[in-house]
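# Below is the sequence, then the predicted model.
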Amino acid sequence: MTTDTLATARLLAAKIRRDVLSMLLDEGQGHLGGSLSIADLMGVLYGKELRYDAKNPHWEDRDRVVLSKGHAGPAWYAALAESGFFDRDVLYTLNDGGTMLPSHPDRLKVPGVDMTTGSLGQGTSTAAGMAYALRLKGSSSYVHLIVGDGELNEGQCWEAFQFIAHNRLNNCIVYIDDNKKQLDGYTKDVMNPFDLVEKMRAFGFHAVRVNGQDAAALDAAIQEAKAVQDSAVAIVLDTVKGAGVPFFEQMMGNHSVKFNTPEVIDEAKRAIAALDAVIEGSEA
Amino acid sequence: MFTMASDRSQMGRELRSVVVETLQDLMKTNDRVVALEADLGGASGMTKIAATNPDRFVQCGIAEADMMGIAAGMSAEGFVPFTHTFAPFATRRAFDQVYLSGAYAGNTINIYGSDPGFCVGTNGGTHTSWEDVALMRTIPGAVVCDPADDVQTEWVVRAFAEMGQGIHYFRANRKAVRNVYAPGSTFEMGKGNVVREGDDALVITAGQLLSDALDAAEALEAEGIGCEVVDMFCIKPLDEDLILSAVAGKRCVVTFENHGVIGGLGSAVAEVLAEHGISVPFRRHGVVERFGQVGSPHFLQKEYGLTAEAVCATVRGLLG
Ligand SMILES: Cc1ncc(C[n+]2csc(CCOP(=O)(O)OP(=O)(O)O)c2C)c(N)n1
């Protein structure tokens, strides 16, 4: 990746953060923390990494994305809108009755969404099936599977990882968003994940840990994963729930945020203004 | 004995708080009651039990099937487990564990499936259950309840704690719903309640739709249609005797449920009517061949035709 494309990825991440905050503020509530923690990954994927055609979302040769932690849908929708899959205005219909943008991604409703998710754990198996099918078809497309660290509590994830590793599906890159929190608190208090890199290695993966908030590090890890020949690959993202907005990073209950006090609304508006300034600065 | 609330327009306590506070109260006198959560303690308020009764709260993480198995194991060792997660995850997702480790193995699992049907709101289609009652009804010996308000929810939780072996499932909103019953009302498991009498139509319902059914009955009466309303909060075991006595002389029967028409209250009532050879104009008013979607609960209730107006139209249609 050249400096230019890294800059594109970073700019896209800023736009995703701005859009997520704007959508959820407009909606009055939503899954903010886990959407912000994957903004940089989405920035790198849609800013450079992915093969896609926004005007032809079902293009056979596209790379697939499965957001198994489906509650972070707003971050994906922002990435898709900013990449031209649909109009940005549509973002503000999130969760409205009759919308094409439900809280959790729906492959029958949202252009660019390759798999329906929201019941945690299930995206992992469907991604495994897609990767297996792509290999059968002789396709060179990748499946990018994004999983939550809390989501890993679901046994189904480990069943899918078994299948991916056993079949050496290195066309399925598994990203674990290790933002250290789930709904009821820190993962180590709810259900200790222990060492995720060691766990993935024990399952037969080539696994690395990278700073998931750093576009350059993410890009390097993806290139490394793509160079792995004969085993499944996993990238554990060291991230912060609420990343990019200090106020929301520090908020303890930042899983689903309600924008219902002047303080929270103000902080969201200030963050949006700051991001707008960054975006205008880099586009100028 | 039950009495009706003095003002049906008032909202009661949040149902999740009712569940949590009732469990906390039960824990004072019953050292076998334990509460199990699947990382929704913040959403259900169950984490409050972790604060008051840390040794009775079991955090299972986002692993619903595992939670049901853990509950079954604790039951085998003499505990009385109460589990919570959203209704579809408590039923669809963990069904085999509830069925085998729970029911078949002779263990006890009390289950609170929250935000059933249109209560799901913006969590949307993946979190919607139009089939939880249908699934749970198929389990031999299971008890399945859909309480109408806070008073009845508290009664159900207390009754479950005393019931002994088996699968005991109740579904309820997490939020507050309108009052139906006066505080202190008591009920009987397996017995429905005639909450309003009427001569022409019979509406059998359950859960928070009882309030809407009563609204519908008032509207119909204003048109000169007498509408009897039965609260069948205990869908299994079903009060067959009440169905048979209430249907006598009625010109139509409508079941009204926040659920799909296959396998739920409507099916249960249809089975009784058919097996007793009762021929009466009949409709199962519920969700037909559809999945869930996002929207406010209010939007969804309308979208799926589960309003008082819609059930009035069904009754009028049957009376012709
Ligand atoms: C099967 C299932 N159980 C429960 C939930 C409710 N739920 C939504 S998000 C969440 C916590 C997810 O934690 P994590 O995977 O760490 O996501 P992140 O912190 O990245 O937002 C829970 C319990 C769900 N969506 N699906």
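Alright, I've got the coordinates. Numbering: from 1, shown residues only, chains lettered A, B, ... in the order given.

# Near chain A, which residues of chain B are found?
Residues of chain B lying near chain A by C-beta under 8 Å from any C-beta of the partner chain: B:37, B:39-43, B:47, B:59-63, B:65-66, B:88-89, B:93, B:122-127, B:293-296, B:299-300, B:303. Quick note: C-beta positions are derived from backbone N, CA and C, even for glycine.

# Can you select the buried ones from these in ChimeraX?
Restricted to buried positions by 16 or more other C-beta atoms under 10 Å in any protein chain shown, the ChimeraX selection for those reads:
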select /B:37,39,40,41,42,43,47,59,60,61,62,63,65,66,88,89,93,122,123,124,125,126,127,293,294,295,299,300,303
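
# Which of the residues of chain B next to chain A fall in helices?
B:G41, B:G42, B:A43, B:T47, B:A65, B:D66, B:P88, B:F89, B:F299, B:L300, B:E303 (DSSP state H).

# ok, so of these, who is nearest chain A?
B:F299 (3.7 Å; C-beta to the nearest C-beta).

# Now do the same for the closest residue to the closest one other than its chain neighbours: helix, strand or coil?
Once flanking residues are discounted, B:F299 sits nearest to A:G97: 3.7 Å by C-beta to C-beta, 6 or more residues apart in numbering or on different chains. Following DSSP: H, G, I helix; E, B strand; the rest coil, we place A:G97 in the coil state.

# Make JSON lines from the ones in helices among the residues of chain B next to chain A and add pLDDT to it.
Listed next are those as JSON lines, based on pLDDT from 0 to 100:
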{"residue": "B:G41", "pLDDT": "98"}
{"residue": "B:G42", "pLDDT": "96"}
{"residue": "B:A43", "pLDDT": "97"}
{"residue": "B:T47", "pLDDT": "96"}
{"residue": "B:A65", "pLDDT": "98"}
{"residue": "B:D66", "pLDDT": "98"}
{"residue": "B:P88", "pLDDT": "98"}
{"residue": "B:F89", "pLDDT": "98"}
{"residue": "B:F299", "pLDDT": "98"}
{"residue": "B:L300", "pLDDT": "98"}
{"residue": "B:E303", "pLDDT": "98"}
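
# Write out the residues of the stretch 1-150 of chain B neighbouring the ligand.
Contacts of the stretch 1-150 of chain B with the ligand, taken as C-beta under 6 Å from any ligand atom, map to B:D39, B:L40, B:I62, B:F89, B:R93.

# give me every residue that touches the residue nearest in space to the middle of chain B.
Chain B has B:D146 as the residue nearest its centroid, 1.4 Å off, counting by C-alpha atoms, centre = their mean. Contact analysis of B:D146 by C-beta atoms under 8 Å, 6 or more residues apart in numbering or on different chains lists B:P116, B:V133, B:F170, B:R171, B:A172, B:A206, B:G207, B:F233, B:I235, B:E257, B:N258, B:L265.

# do B:V20 as well
Here B:V20 is in contact with B:S44, B:G45, B:M46, B:K48, B:I49 (C-beta under 8 Å, 6+ apart).

# Just the buried positions in whatever helix or strand it lives in, please.
Here B:V20 sits within helix B:15-29, counting by DSSP states H and E. Buried positions in helix B:15-29, judged by neighbour count with 16+ other C-beta under 10 Å: B:L15, B:R16, B:S17, B:V18, B:V19, B:V20, B:E21, B:T22, B:L23, B:Q24, B:L26, B:M27.

# Can you tell me which of the residues you listed is nearest the ligand?
B:R16 (14.7 Å; C-beta to the nearest ligand atom).

# From what I see, the closest one and B:S44 are in contact.
Yes: applying C-beta atoms under 8 Å, one finds B:R16 in contact with B:S44, separated by 5.1 Å.

# Overlap of the contact sets of the two?
Joint contacts of B:R16 and B:S44 (C-beta under 8 Å, 6+ apart) are B:S114, B:R174.

# Give me the helices and strands touching the top helix by length along chain A, please.
Identified as the longest helix of chain A according to DSSP H is helix A:3-27. Other helices and strands packing on helix A:3-27, by 3 or more C-beta pairs under 8 Å, 6 or more residues apart in numbering or on different chains; DSSP states H and E, are helix A:33-36, helix A:39-44, helix A:73-82, helix A:215-227, helix A:262-283.

# so for it, what's the average pLDDT?
Confidence over helix A:3-27 (mean pLDDT, whole number) is 95.

# Could you check the angle it makes with helix A:215-227?
110 degrees (axes from the mean of the first three to the mean of the last three C-alpha atoms, to 10 degrees).

# Give me the angle between helix A:3-27 and helix A:262-283.
Going by the same axes, to 10 degrees, helix A:3-27 makes 150 degrees with helix A:262-283.

# tell me which residues in helix A:3-27 are buried?
A:6, A:8-25, A:27.

# Spell out which residues make up each domain of chain B.
Following automatic domain parsing, chain B resolves into domains at B:15-172, B:193-319.

# circling back: now, which of the contacts of B:V20 sits nearest the ligand?
Among the contacts of B:V20, and counting by C-beta to the nearest ligand atom, the member closest to the ligand is B:S44, at 10.8 Å.

# which residue ranges form the helices in chain B?
Counting by DSSP H, the helices of chain B are B:15-29, B:41-44, B:47-52, B:64-76, B:87-91, B:95-96, B:132-137, B:150-162, B:209-222, B:240-247, B:265-275, B:297-303, B:308-319.

# give the contact list for A:V245.
By C-beta under 8 Å, 6+ apart, the contact list for A:V245 reads A:R17, A:L21, A:L36, A:E267, A:A271.

# Compare the contacts of B:V20 and tell me which is most surrounded.
B:M46 (27 neighbours; other C-beta atoms under 10 Å in any protein chain shown).

# Does A:N95 touch B:G124 like I think?
Yes: at 7.5 Å, A:N95 counts as touching B:G124 under the criterion of C-beta under 8 Å.

# any shared contact partners between those two?
Contacts common to A:N95 and B:G124, judged by C-beta under 8 Å, 6+ apart, are A:P102, A:S103, B:V294.

# Look at A:H31 and say how many residues are nearby.
A:H31 sits with 23 neighbouring residues when counted by other C-beta under 10 Å.

# And it, how far from A:K269?
According to C-beta to C-beta, to the nearest Å, A:H31 stands 19 Å off from A:K269.

# repeat for A:V190
Separation of A:V190 from A:K269 (C-beta to C-beta): 32 Å.

# Looking at these two, which has the bigger crowd around it?
Ranked by neighbour count (other C-beta under 10 Å), A:V190 and A:K269 place A:V190 first, with 22 against 14.

# list the contacts for that one?
A:G150, A:N153, A:Q182, A:D184, B:D39, B:Q59, B:G61.

# need the helices for the stretch 151-284 of chain A, in chain order.
A:155-166, A:187-190, A:196-202, A:215-227, A:246-250, A:262-283 (DSSP state H, counting those that start in this stretch).

# Nearest to the ligand, out of those helices?
Minimum separation from the ligand across the helices of the stretch 151-284 of chain A (C-beta to the nearest ligand atom) falls at helix A:187-190, 6.5 Å.

# is that closest one anywhere near the ligand?
No: Helix A:187-190 lies out of reach of the ligand by C-beta under 6 Å from any ligand atom, never closer than 6.5 Å.

# Could you check what's spatially nearest to B:Q208, not counting adjacent residues?
Using C-beta to C-beta, 6+ apart, the nearest residue to B:Q208 is B:V177, at 4.3 Å.

# so that neighbour touches B:G12, yeah?
Yes: B:V177 is within contact range of B:G12, at 6.4 Å (criterion: C-beta under 8 Å).

# Which neighbours do those two have in common?
Joint contacts of B:V177 and B:G12 (C-beta under 8 Å, 6+ apart) are B:D149, B:D150.

# Distance of the closest residue to A:D40 other than its chain neighbours relative to the ligand?
Excluding the flanking residues, the one nearest A:D40 by C-beta to C-beta, 6+ apart is A:A13, at 4.7 Å. As judged by C-beta to the nearest ligand atom, to the nearest Å, A:A13 and the ligand stand 16 Å apart.
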